[in-house]
Every structure is written in structure tokens, then in C-alpha cells.
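Undergrad: fold the following, please.
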Amino acid sequence: MAEAPKLHDYMLPVLNIFADGEEHLYKEIPPYLENSYSLLEDDRPNRARIMINNSIGQFVKALILDKTGHQKFKITTRGLALLEKKPERISVQDLRQFEEYNDYIKNRYKKSDKCDYDDNEEVIVPEDALASAYKYHKQNLAEELLERVKQGTWKFFEMLVKDVLVAMGYGDPYDETQLSQKPADEGIDGIIKEDKLGLDIICLQAKKWENPVGRPEIQKFTGSLESKHAKKGVFITTSYFTAEAQEYVQGIEKRIVLIDGKRLCELMIDYDVGVGPLETYKLKQVDNDYFLIG
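TA: You can find the predicted model right below:
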């Protein structure tokens, strides 16, 4: 997923709606951005609203926009002069040239040792902060999971593989059929149904390895599918796959999915296999419809 637009991506487009020198209502801005730019396509609705609000706020503090009424704004002579320079973008740093804006920044950070306000510090959106923290936590959790998986037996690993696939919706959770009771049964460790009726099957290979899995192992697994009349397979390992192995599966008719240790642990987290909830946070926002009543 592409990185969400930053405040400096919004500021010039937001100001451009006022370039005609007329008053404009706040509600005119989102349709204008939607028709003239791709910002709203690349951002979440709530986050886009926050960025528009902050753009307006920065311009008012810098005396580039005047607030002329309830959610009404008009560009100032200073703002028109800024647009006449045809800037490629406008950022918070560009507003530091104005004394009024500098005073606003100093007052805002008067209790802090750091008074700089750069593009990386423009707006801390709660959704972004939570997403970043969650990503960091998930990476650490996946690393811890992988270590725990590697410490288990090969029999446990095969059971884990089946549990993950069942959690993802493959096979029947009430089917008590186990994977093979010995490693590498003809190159296949188990078979799982792709659908409830068993119209198609997926062959599994679970390799609890430290060494990278290369093309020869994938070729052997692919050949083993013939004995089961299968066209699909999933090869899962605690290590990783070589570039040759990954290139090989791209060029064959059978559909082989390769899942390395890192990806396996990410799936475990996503589908709640071997993990449990720690804390739940409910992120809330202002209900704009409620305040329309007054």
C-alpha cells in the first residue's frame, strides 16, 4: 500500500481553491480536491479531513487565509502573493517566513526545548500513530513466534501448519484427519480440502529447517503432486526460500505457494493461531452529524 499523503501534499491544493479571491465554504474543499487531485483516492476519509483541517489552520495562523464567517474563508493579499510565485508545493517550512506564523510556532512549543516544526512533525494523526505502533509490535511478535515455532518438534510444526490453513478457511475444522505421522511421505506431509465438498485438494509440505529451501526441494514437492492428482500445493518452512526456488514456481503450470517462516508467523497473528489478545483500544472521533442539530 502506498504511503498516505502528508500535510505538505495537501496544503497547495487546498489553497488553490481560494485563488479566485472569493469566499469559499469549508464544505467546498473536499469536492474540489476530489475533482482536481488524487489526494482523496490515496487517503482514508477521516485522515483526509484531518489534513484539510490542518491546512486551513496553518494558513489562518500565517495570515494567508482570513476566516470571514462560520466555516467561511477568503485568501489574503499575502496568500495571493504566495500563489503568484507558482510554488510546486507549500509546506510548514514555507510559512516560517512570516513573523506571525513564527510567533505561533514559538508559543506552541514554548514548554519544549525543540521549536523546529519540520515536515516530519507536521501532524501526528492518531490513526497513523496507532498503525505505526501496531506494525512495530507485530514485527516483534512475529520474531518471537518464529523462535517458539523453531523450538517445537517437526510433528508440532505440521500440526501448526494445518491449524493455520484451517483458520484461513481451507479444509474442514471438524475433520480429524491428521497429517502424515512421519516426515516427508512421498514428498507430501498432508492433504487438505480447498472447499467443504472436497472438490479440489491442496498438498502440503512442512519443512522445519534452518537452511534455505532451494529449487530441488520445490521440484521434488511439485513432482509428488502427480501421485495425488493435485494441481495445487503449499510449501511452508521455518527458514526461507532461495531466489531460484521462487523463480521456479513462477514458471510452472501447477500453483505452488511458498510461505517462509516470517510470512507464516504473520499469518498466525492475522488468524489468531498461537496468539491471544493483549489489549483492545477503541479509537473514537467527533460525530459531526450530532453537532448539526444545533
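
Undergrad: residue 200 reaches residue 194, doesn't it?
TA: Yes: applying C-beta atoms under 8 Å as the test, residue 200 and residue 194 come out as touching, 4.3 Å apart. Glycine gets a C-beta too; all of them are placed from N, C-alpha and C.

Undergrad: now residue 214. Nearest residue, chain neighbours left out?
TA: residue 242 (4.7 Å; C-beta to C-beta, 6 or more residues apart in numbering).

Undergrad: thought that neighbour was touching residue 211?
TA: No: Residue 242 is beyond contact range of residue 211, at 10.0 Å (criterion: C-beta under 8 Å).

Undergrad: give me the more crowded residue out of these two.
TA: Using other C-beta atoms under 10 Å, the more surrounded residue of residue 242 and residue 211 is residue 242, with 17 against 11.

Undergrad: quick one, phi psi at that one?
TA: phi -70, psi 160 (degrees, to the nearest 10).

Undergrad: quick one: contacts for it?
TA: If you count contacts by C-beta atoms under 8 Å, 6 or more residues apart in numbering, residue 242 has them with 212, 213, 214, 215.

Undergrad: next one: it from residue 47, what distance?
TA: Taking C-beta to C-beta, to the nearest Å as the measure, residue 242 falls 40 Å from residue 47.

Undergrad: for residue 152, grab phi and psi.
TA: phi -80, psi 170.

Undergrad: that one: neighbour count?
TA: By other C-beta under 10 Å, neighbour count at residue 152 equals 14.

Undergrad: try residue 264
TA: 22.

Undergrad: same deal with residue 257?
TA: Other residues near residue 257 number 12, with proximity taken as other C-beta under 10 Å.

Undergrad: could you do the one 4 residues further on as well?
TA: As a burial measure, residue 261 scores 23 neighbours (other C-beta under 10 Å).

Undergrad: my guess is it meets residue 241, correct?
TA: No: contact between residue 261 and residue 241 fails when scored by C-beta under 8 Å: they sit 10.2 Å apart.

Undergrad: so what's residue 246 up against?
TA: Per C-beta under 8 Å, 6+ apart, neighbours of residue 246: residue 258.

Undergrad: pull out the buried residues from whichever strand or helix holds residue 78.
TA: Assigned by DSSP states H and E, residue 78 belongs to helix 77-84. Judged by neighbour count using 16 or more other C-beta atoms under 10 Å, the buried positions of helix 77-84 are 79, 82, 83.

Undergrad: now the strands for the stretch 1-150 of the chain?
TA: Applying DSSP state E, counting those that start in this stretch to the stretch 1-150 of the chain gives strands spanning 24-25, 65-69, 72-75.

Undergrad: since that was my last question, I'll sign off now.
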